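Enquirer: Structure for this input, please:
(one chain, ligands or ions: 1)
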Amino acid sequence: MFFFVVYAVVIWCIACRYRRSWRGFGVVGAGLIGCAVLAWLHWRLYIWSEGRFYLRVLQVMLYPYALLVTTVGLFLASLPRHRPAYACHTCLYDMEGLLPIISECPECGAHWKSGAPPPAAAPDQPVEASNTSLAAIPICQIPPIPA
Ligand SMILES: [Zn+2]
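Expert: Prediction:
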């Protein structure tokens with residue numbers, strides 16, 4: 001039983017690693033062929049043992065398992081390889097447009113660090129507000145109450 005979990009995870013990891021390439025889709029196809037070979041072995045075992053090993057229950061579980069491994073593998077192999085230019089190094093959150101103002105990721109709180117410098121601030125954005133968190137940016141400017 002543990003083998004089937006490891007089998008699926010290995011196929012999904014390789015499909016995700018080589019997504020959008022022939023290797024990613026190839027490993028999903030190989031995983032499907034592996035399930036088909038196992039189904040064939042179940043059928044042959046029934047014939048070779050002259051009906052003593054009847055693995056119909058295992059085949060009923062094997063077909064949805066093969067469908068699950070193949071469907072999730074195809075989904076993972078189809079995911080885009082594109083990484084945003086200003087992605088957070090921890091969670092890959094796209095921080096484009098935030099970096100001149102915010103240097104911390106709003107998703108995970110990681111500080112910006114990359115070989116590329118943050119994009120230059122637009123003329124209407126305050127430069128002195130850099131290296132602040134999102135909570136420090138005023139949403140609106142409230143004028144002082146006259147005395
Ligand atoms: Zn992040």
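
Enquirer: so how far is the strand or helix carrying residue 71 from its chain's centroid?
Expert: Counting by DSSP states H and E, the element that carries residue 71 is helix 56-78. In terms of C-alpha atoms, centre = their mean, to the nearest Å, the centre of helix 56-78 is found 19 Å from the chain centre.

Enquirer: Can you name every helix or strand that that helix contacts?
Expert: Other elements packing on helix 56-78 under the criterion 3 or more C-beta pairs under 8 Å, 6 or more residues apart in numbering; DSSP states H and E are helix 2-17, helix 22-48. (Each C-beta comes from the backbone N, C-alpha and C, glycine too.)

Enquirer: now those in CSV, with mean pLDDT and mean neighbour count?
Expert: CSV is the format used below for the helices and strands packed on helix 56-78 (pLDDT from 0 to 100; neighbours: other C-beta atoms under 10 Å):
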stretch, mean pLDDT, mean neighbour count
helix 2-17, 96, 15
helix 22-48, 95, 15
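
Enquirer: Tell me which of those helices sits nearest to residue 107.
Expert: Closest of the helices and strands packed on helix 56-78 to residue 107 is helix 2-17, at 20.2 Å (criterion: C-beta to C-beta).

Enquirer: helices or strands next to that closest one in the packing?
Expert: Packing partners of helix 2-17 (3+ C-beta pairs under 8 Å, 6+ apart): helix 22-48, helix 56-78.

Enquirer: gap between the two ends of stretch 12-23?
Expert: Stretch 12-23 has an end-to-end distance of 12 Å (C-alpha to C-alpha, to the nearest Å).

Enquirer: Residues contacting it, please?
Expert: Residues outside stretch 12-23 that contact it (C-beta atoms under 8 Å, 6 or more residues apart in numbering) are 24-25, 27-28, 69, 72-74, 76-81.
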